[in-house]
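In: sequence and predicted structure, then a few things I'm wondering about:
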Amino acid sequence: MTGSTGPDQGGATGGPGPGTGSAGPAGGPRPGTGRRGPPASAGPPAGSGPASGPGPPAGPGPTGNPGPRTGGAGSAAVAGGTAGRGDTEPDARFTFANERTFLAWSRTGLALIVAGLGIVQLLPPFPGVPWGRHLIGVPLIVLGAIVAVAGYVEWVRNRRALRRGEPVPRSFLPVILTATIAAIAVISAVVLLLSAVR
Amino acid sequence: MTQPDDPEDRDPGLAEERTRLAWIRTAISFAALGVALLKVDVPLGITVVAMVPLIWLSGRRMAWHAPHGENRPRMLLLIALGVAAIGIAVLVLVLTRGNSPGFHPPHS
């Protein structure tokens, strides 16, 4: 899960450089390279010239196959009138990376909830510390719910930044996650010690 | 079509496919949690398991349509609120239910 979050974050935050790097087309003499380059820069032209239709304006497409993604970005820039002035649809790859990041955070939240549930319901009680399981499990469940909602907030912020061409805002989720997990580790140690010296 | 059908041409960086797989992983996560919840509270478990096909299908719908559709934020918001609601439900469950004896292996 962490492994999938890392690259996703990198693709969403790294701008065009790492994005294309992780995408793998960098330097590859593949036949589609000429077409794969333009979509990143073809967004604004497609937005300024909506009448050009879904066909890529700069499309050197030797096969005449515009590629669904390029067409999608162009038509979405046309349909994106609700996005506000000056907003352009970013490269679809960034949109997808942002979405994957959100989904990864959702799964993280689910995993935290299931961990908390398992600790409270499946673990035998700590001898001498009857509330010990709740002390460990309840923060995990609360953190899971918070992570899911915060992941959505970050998705909205990242999407806005990507549309405006601004730098992606700093994520506060890793700090929350790290601090809470560290605190839970300390609580677990205390509960175990209390149970041992009972 | 002089070129062979290269997936990299249709889907640069395979971003769309990776996103579809991420949706499937998310659906599987919901399924795992739902089945675990069936052991604890059957109605809640059934509710969560019932969300799995919705997530799976919406992931496929997302992949079919352009990535900038207007229903996208709503779908993602639903997922986030779904996870939060599950968290709150589990929290209530854990706090209202009496002390569970815990799981004991059959041989003990």
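Out: All right, it came through fine.

In: list the buried residues for the helix or strand encompassing A:Leu192?
Out: Using DSSP states H and E, A:Leu192 falls within helix A:173-197. By neighbour count on 16 or more other CB atoms under 10 Å in any protein chain shown, the buried set for helix A:173-197 is A:Leu173, A:Leu177, A:Thr180, A:Ile184, A:Val191. Using the backbone N, CA and C atoms, a C-beta is placed for each residue, glycine as well.

In: averaged pLDDT, it. What do you get?
Out: If you average the pLDDT over helix A:173-197, you get 94.

In: what's it in contact with?
Out: Contacts to helix A:173-197, defined as CB atoms under 8 Å, 6 or more residues apart in numbering or on different chains, come from residues A:105, A:108, A:126-129, A:132, A:135-136, A:139-140, A:143, A:146-147, A:150-151, A:154.

In: just give the number of residues close to B:Met75.
Out: 18 (other CB atoms under 10 Å in any protein chain shown).

In: wait, isn't it in contact with B:Arg60?
Out: No. At 11.9 Å, B:Met75 does not count as touching B:Arg60 under the criterion of CB atoms under 8 Å.

In: narrow the contacts of helix A:173-197 to those in strands?
Out: Using DSSP state E, no member of the contacts of helix A:173-197 falls in strands.

In: and the buried residues of helix A:173-197 as TSV, adding distance to B:Val83?
Out: As requested, the buried residues of helix A:173-197 are exported to TSV (distance: CB to CB, whole Å):
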residue	distance to B:Val83
A:Leu173	14
A:Leu177	15
A:Thr180	16
A:Ile184	19
A:Val191	27
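
In: any residue of the helix or strand that A:Ala161 is a member of touching chain B?
Out: Taking DSSP H and E as the criterion, A:Ala161 maps to helix A:132-164. Yes. Counting by CB under 8 Å from any CB of the partner chain, chain B is contacted by helix A:132-164 at A:134, A:137-138, A:141-142, A:144-145, A:148-149, A:151-152, A:155-156.

In: where does pLDDT dip in the chain?
Out: No chain was given, so I picked chain A. For chain A, the stretches with pLDDT under 70 are A:1-86.

In: could you do chain B instead?
Out: For chain B, the stretches with pLDDT under 70 are B:1-4, B:7, B:62-71, B:98, B:105, B:108.

In: and the helices in it?
Out: B:7-10, B:15-38, B:42-64, B:72-96 (DSSP state H).
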